[in-house]
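Chemist: Could you look at this predicted model? Sequence included:
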Amino acid sequence: MAAVKERAQVTGVRKLEQTNPDYNPDVVIETQNLSKTYRDFWGRPKVLALKSLDLEVRKGEVFGLLGPNGSGKSTTIKLLLGLLFPTSGRALVFGKEATEVSKNERIGYLPEESYLYRYLTAEETLDFYGRLFDMPAKVRKERSAHLIDKVGLNWAKRRQLREYSKGMVRRIGLAQALINNPDLILLDEPTSGLDPIGTREMKDMILDLKREGKTVVMCSHLLADVQDVCDRIAILYQGELKELGRVDSLLKVSGETQIRFQGVPESAYDELKQLIEKHGGQVVALDNPKTTLEDLFLTIVRESQERPGHRGAGARTSG
Amino acid sequence: MVVESFESFFEWLPGALFVFFILAVTGIVLGVFVGYIVATFRHGPFEAFYVVAQVIAGALPDFLYTSPRRIGAIARLSIKEALRRRVVIVTLIVFLLSLLFGSWFMDFNIDHPDRVWVSSLLWETQLLILLMVVLISSFSLPEDIKNKTIYTVVTKPVRSTEIVVGRTVGFVLLGTALLALMGLLSFFSVWRGLSHTHLVVGDSQTIAELVPIDPDSRLNRRGKRVSDGAIREGETSVEMGHRHPLELVEDIRDPSGPQPLNLSNVVRKYTRDDGKVVYERLICMPVGGHTHEVTIRGEGPHANIELGPAAGYFRARVPLYAADLYFYDAAGDLTRSGIDVGREWRYRGFIDGGMSTQAGVTLSRGVFDFKNFDPAQFGDAPVVNMELNLAVFRTYVADIQKRVMASIQFESIPANPDFDAKYQADLIVFETKEYAIQTLPIPRTLRGRKIAPDGTVLEQGDYHLFEHYGQGGQIRLVLRCEDRNQYIGVARGDVYFRLTDDLYGWNFFKGYVGLWTQMVVVVAFGVAFSTFLSAPLTIVAVLIAILIGFVTPFIRELTNPEASGGGPIESFYRVVTQKNMEVPLDANLLTALMKQTDYFLVQGLNSLTYIAPSFPEMDYSDYLVYGFSISPHRLATTLFVCAGFVIGLSVFGYFCLKTREIAKA
């Protein structure tokens, strides 16, 4: 059945290529001069949420929308999903207008707060969303079981969502976003409300999706998360695009070089400094690298799972 | 029961389709215009064209690719959501409580307690079910939008059609289940509540308990006059607040004539000296609209009396109404509406019985022409029952105990009255019963005459009701008032042949179909309004729509161009200047101005009647309460009206949702 669906999607893409000569299958999202102004009841402009956004998201990449609160990230996502209508400009998804319903066949969306029906169980939730994709009962059942297993909620699949913790709701929210095996996944603050383990798992899942060839667009103000998973980012501020590019090139500090080595005693540091100065360079820092707090936390949790019992404070550092 | 519409479904349909078409075109034009104005404000006049065209072009695929599975999913979700809100369970609990304790306040000692009970249950069911669907349908979408749960739905390939139809289907299914449950519970509670029987007062349940009637006073033990031919009387025990008089009546028959078919209540049969056969029958006299079948077991004074269950409560009369009714005045001139006695003018026309101060006989009469007078519709009964519900207008009180006399006369309707002879039966004179349906059993053979077109009597004899008087499936009935200075009022729905009764349970079901159509329309209103209004505003809007629906007949009456007194301005002018409603106003500029203004006001008011269907016309309570079968034509008409509104409102809701920015704060 999945193969049939895949074929249908490929056919759909081909049809699109035939009907829309400008459609480039490598460009999943394209915005042209996209603007959004919120108006009051009388139609008077109230807030200019997005100003002339020009953007392209390519197939297979993880794209991050960054910006402080109110910068226009969520507005952009909502415009791409057709939840809002642009005041001017265009938003194209798979070459179609964002307001077209048929584009949703290939999209998965995880909203900021996982807006799900709290009186449904996890199984019922996925079954409901599967029905919305017109999936036959057998496919729905298989897909639901697979996703519940993937997000690690097998043990709670028959509990109503109102009994779930925030992290569990995020996980089932992600599962519903993936129910149709989408080509494009839009994630609005995917790690919001998750503990470090959940955050790590979410980021791993995003990277898994990337490996599967999916396109992921996420918006977040947690910069570390974006840095960990995104290939390219766009930085928005007060509705305007301020920066756009690859994460590695944007973060690259030109004019400085970082060397990491092992097994060299501290007594050799002076020699190294002298060598650098000999070549006209200047040593900015020379010390032991630090792990991230996230890595430290995850290591402690992992070790505690492997060896239950009291773990002395500073065990890692002293050991 | 007041019956004002005799139109069959097929007569009604072409006109209704035309109105639907006009309304659809008006709605489309109005919708495009409003859409363009709104789009102009948002995008400017030129881009507005593109936006409106895009919405219209997108509608066709949305309708074509609507998926039943998605509709089913949304319908299921709506049901779960509504059940979670507990409105349904509260509705059911309120209903059950009223069912359990309501009978405590019922007075069974009145005429037709079944009518009061059924009527109050129907009213309560209607109130509860409409209130429930108003709440569940008005809260659903606005809450979904407020909680943003709709984000995860509209970002799937779900079309606005599916959301609107899915919600509607879900609430209708839930409402249907609840209505069916309430209907079943009502039916069985009334059925069980009214089922009873009695014992005969006395030590033994035998004929010996009956006492002879004093031939001089003709009164029973309670001082009430007994029937003609009654020779002994008794009474039953008190059950459910009432007792029935029992009368042993002599039924005297010619041995060569028809004999009674039912002999179960015959106590004794003997032949008199004059050769007539006498059947002594024990009759349980009707009280409160019902009686009990009497069965005699054994013979002689020790024959046992058994009374059966209550009979006569649950009826579904199938009437055959006249295809036409017209009147003749005292001078014999044709009129359409009879004499106006100043009340119920539009519904009933009156027939005068002649003036005692004038010589000669009045020619005033009401003429009913029946079509489809087919013997197959009447079963095998030896008589054809005719039922009348006549009004009486007395110009003097006279003997208040004496009822006004009337007569009916049957005639054939020749295909060509100028050449063909007609059959005319003898008059059947009877006492009228005011404020009650009275039954006249018409024998299948009636004494009469055959009359040539010039009025010559060709022959006299007994003629068959169907073959002669009712030849060609048509029969004419002439109704006259036989008391001078008195008037008989009649409408087309007041005189009918009673065909074989419909099953009461089936009729009860049809009555609930009427309630169901009201519920479906209210759901459609709720869902349609909730696509662009918040929950509280949706409730207010739906309640206004319901109100308009309930007062639609009144608005139509008010805006009737033939109504006396003119429109609101003219009426006000008449009130201020103290001018009679019937007096024509002077033809001047002021009058013309008033009438023209009234015309626009009345048209505006009249257009309200197209916003919601006429709820009283979808309400079959009167049929169930007064025991009339709901005709399939009436049912089909109501279902079509309901379908028309649901389609119209769903399309309206679709466009509202489609053009709504879901995520707009």
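Modeler: On my side now, so go ahead.
Chemist: Report the contact partners of residue A:77.
Modeler: When contacts are counted by Cβ atoms under 8 Å, 6 or more residues apart in numbering or on different chains, residue A:77 touches A:65, A:186, A:188, A:217, A:219. C-beta here means a position set from N, CA and C on the backbone, and glycine is covered the same way.
Chemist: same thing but 6 Å
Modeler: Listed by Cβ atoms under 6 Å, 6 or more residues apart in numbering or on different chains, the contact partners of residue A:77 are A:186, A:188, A:219.
Chemist: That one should be in a strand, yeah?
Modeler: No. If the criterion is DSSP: H, G, I helix; E, B strand; the rest coil, then residue A:77 is helix and not within a strand.
Chemist: okay, it: pLDDT?
Modeler: On the pLDDT scale, residue A:77 is placed at 92.
Chemist: and if you look at residue A:180?
Modeler: We have a pLDDT of 92 for residue A:180.
Chemist: Measure how buried the closest residue to chain A within the stretch 551-665 of chain B is and give me the count.
Modeler: Closest residue of the stretch 551-665 of chain B to chain A, Cβ to the nearest Cβ: residue B:663 (3.7 Å). Residue B:663 is flanked by 21 other residues according to other Cβ atoms under 10 Å in any protein chain shown.
Chemist: Show me where the stretch 151-300 of chain A has its helices.
Modeler: Under the criterion DSSP state H, counting those that start in this stretch, the stretch 151-300 of chain A contains helices at A:166-177, A:196-211, A:223-229, A:247-251, A:269-278, A:293-306.
Chemist: my bad, chain B
Modeler: For chain B, the helices defined by DSSP state H occupy B:9-43, B:45-64, B:68-85, B:87-102, B:113-146, B:151-154, B:160-194, B:504-530, B:535-558, B:568-577, B:589-607, B:615-618, B:621-626, B:632-658.
Chemist: Ok, which of those helices comes nearest residue A:104?
Modeler: In terms of Cβ to Cβ, the element of the helices of chain B nearest to residue A:104 is helix B:151-154, at 8.2 Å.
Chemist: now check the closest one, is it near chain A?
Modeler: Yes. Judged by Cβ under 6 Å from any Cβ of the partner chain, helix B:151-154 and chain A are in contact via B:151, B:152.
Chemist: what's the spacing between that helix and its chain's center?
Modeler: How far helix B:151-154 lies from its chain's middle: 46 Å, per Cα atoms, centre = their mean, to the nearest Å.
Chemist: Now do the contacts for the one residue in the stretch 101-250 of chain A that gets nearest to chain B.
Modeler: Per Cβ to the nearest Cβ, residue A:131 is where the stretch 101-250 of chain A lies closest to chain B, at 3.4 Å. By Cβ under 6 Å, 6+ apart, the contact set of residue A:131 is B:69, B:73.
Chemist: nearest residue to the residue of the stretch 551-665 of chain B closest to chain A other than its sequence neighbours?
Modeler: Distance criterion Cβ to Cβ, 6 or more residues apart in numbering or on different chains; nearest residue to residue B:663, sequence neighbours excluded, is residue A:83 at 3.7 Å.
Chemist: wait, doesn't the residue of the stretch 551-665 of chain B closest to chain A sit right on residue A:82?
Modeler: No. Contact status for residue B:663 versus residue A:82: not in contact, 9.3 Å apart, counting by Cβ atoms under 6 Å.
Chemist: Return the distance of the one helix or strand the residue of the stretch 101-250 of chain A closest to chain B maps to from the chain's centre.
Modeler: Assignment of secondary structure by DSSP states H and E places residue A:131 within helix A:122-132. Here helix A:122-132 is found 22 Å from its chain centre; the criterion is Cα atoms, centre = their mean.
Chemist: before we move on, the earlier item: now render the helices of chain B as CSV, adding mean neighbour count and mean pLDDT.
Modeler: Below are the helices of chain B laid out as CSV (neighbours: other Cβ atoms under 10 Å in any protein chain shown; pLDDT from 0 to 100):
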stretch, mean neighbour count, mean pLDDT
helix B:9-43, 14, 90
helix B:45-64, 14, 87
helix B:68-85, 20, 92
helix B:87-102, 15, 90
helix B:113-146, 21, 92
helix B:151-154, 23, 93
helix B:160-194, 20, 94
helix B:504-530, 24, 95
helix B:535-558, 17, 91
helix B:568-577, 14, 88
helix B:589-607, 14, 88
helix B:615-618, 20, 90
helix B:621-626, 20, 88
helix B:632-658, 19, 94
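Chemist: Get me the contact residues on chain B for chain A.
Modeler: When proximity is defined as Cβ under 6 Å from any Cβ, chain B approaches chain A at B:41, B:67, B:69-70, B:73, B:84, B:148-149, B:151-152, B:155-159, B:661-663.
Chemist: and residue B:408, how many neighbours does it have?
Modeler: Taking other Cβ under 10 Å as the criterion, the count of residues near residue B:408 is 20.
Chemist: residues touching it, list them.
Modeler: B:428, B:477, B:479.
Chemist: Now do the contacts for the nearest residue to residue A:71 once chain neighbours are set aside.
Modeler: Closest residue to residue A:71 apart from its sequence neighbours, by Cβ to Cβ, 6+ apart: residue A:236 at 4.2 Å. Residue A:236 is in contact with A:67, A:71, A:72, A:73, counting by Cβ under 6 Å, 6+ apart.
Chemist: what about the closest residue in space to residue B:290 that isn't next to it in sequence, how many neighbours?
Modeler: The spatially closest residue to residue B:290, leaving aside those adjacent along the chain, is residue B:312, at 4.1 Å (Cβ to Cβ, 6+ apart). If you count neighbours by other Cβ under 10 Å, residue B:312 ends up with 14.
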